[in-house]
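Undergrad: have a look; sequence and predicted model below, questions after that.
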Amino acid sequence: MIEKIKEYITSDKDLTGSMVSFLLKPENLERLKNNKGLVKQLTKIKALPSSVKLYIRNLAGVTDKITEDFFSKSELAEIKKRVAEAKANKSMGYTPLSGLTRAHTDNIIGYSHKGSKEKLSLKGAFTDPQINIDMTLGQASFSTDKDGNVTVKDIHNFAGVEGSGYKGKSLKKRTFEQAVPHPYEEGSLMDTLLGSADIGRSFKVEESDKQFLKRAKKALEAGEIDASKYARIVAGMQEGEGIPIELNIGKITQEDKLEANPNFAEYIAYDTENVGIPNLIKNQARKYLK
């Protein structure tokens, strides 16, 4: 089966979402877990979305550091755009961050604003660079060296197993109430003396990984969730140390900031702070007004 997967991936057929759906079938995910060599080969294919490749690496326990050569040009462009938006915010006197993030600190890029409206999905990973990078980085930090070169860092890992934010049925681990087992034989002296103390007592039991995975598989087969959410659940169950990501994305120019952040373009074009911005710079900014 592994050879079949490899042949399918490396054939002349178009790399489509249906092909990745095949790769992410439960039986194939199980086979990938113990095939680090094959996984490394598969995840060198740049036509595959970075988010899908990182899920597969996580499943197989391949934790080699990810650098910029792992990403396609369009994926790096989307990451650079987020950094440029954050730097534009700093130029306007705001916190240098972009997107949706829990960490409202300096030099953070978060989920795209689109991510608050559209669910994460396998189709989105293929067709929308923003959704793909949301599924790849989520939240990452960046720094700038003395020469102006930017480095983006992240640890690709998962918090929990349910895969929140993904398209499809909400799927979380269930919790059950279980009665406290009575330790004494019914009718015995101790049962008579102490039994009443345990009446009505119970404790909560969380659904096991095996039970939850069985439900997730049924939901996948019924079309209630897609392959990317199933893969996310499987990966979350065997969370390890995480995969380090370190990308050198080069310098961020004034043009990058104007293109990435419409508010910055307006800020410069109309000199909203009345600081006396030269006309040449204002005219340049007007080209980027939406």
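TA: That came in fine, so what should we check first?
Undergrad: wait, residue 243 touches residue 66, no?
TA: Yes: here residue 243 reaches residue 66: they are 6.1 Å apart, a contact under CB atoms under 8 Å. Yep, even glycine has a C-beta here, placed from its N, CA and C like the rest.
Undergrad: need the overlap of contacts for those two.
TA: Overlap of the contact sets of residue 243 and residue 66 (by CB atoms under 8 Å, 6 or more residues apart in numbering) consists of 54, 156.
Undergrad: neighbour count winner among these two?
TA: Per other CB atoms under 10 Å, whichever of residue 243 and residue 66 has more neighbours is residue 66, with 21 against 18.
Undergrad: helix, strand, or coil at the nearest residue to that one once chain neighbours are set aside?
TA: Once flanking residues are discounted, residue 66 sits nearest to residue 245: 4.4 Å by CB to CB, 6 or more residues apart in numbering. Here residue 245 is strand, with the state taken from DSSP: H, G, I helix; E, B strand; the rest coil.
Undergrad: what's across from residue 245 in the sheet?
TA: Note on residue 245: beta-bridge partners residue 66, residue 154, judged by DSSP bridges.
Undergrad: quick one, strands of the stretch 151-290 of the chain?
TA: Using DSSP state E, counting those that start in this stretch, the strands of the stretch 151-290 of the chain run over 175-179, 202-206, 243-251.
Undergrad: let me fix that: the stretch 1-150 of the chain
TA: In the stretch 1-150 of the chain, the segments counted as strands under DSSP E, counting those that start in this stretch are 97-98, 108-109, 140-144, 149-156.
Undergrad: picking that back up, how far away is the residue nearest to residue 66 from residue 43?
TA: Separation of residue 245 from residue 43 (CB to CB, to the nearest Å) stands at 13 Å.
Undergrad: what of residue 119?
TA: Distance from residue 119 to residue 43, counting by CB to CB: 24 Å.
Undergrad: more neighbours, those two?
TA: More crowded of residue 119 and residue 43, by other CB under 10 Å: residue 43, with 21 against 13.
Undergrad: can you count the residues close to the nearest residue to the more buried one once chain neighbours are set aside?
TA: With CB to CB, 6+ apart as the criterion, residue 43 has its nearest non-adjacent residue at 3.9 Å, and that residue is residue 53. Applying other CB under 10 Å, we find 22 residues neighbouring residue 53.
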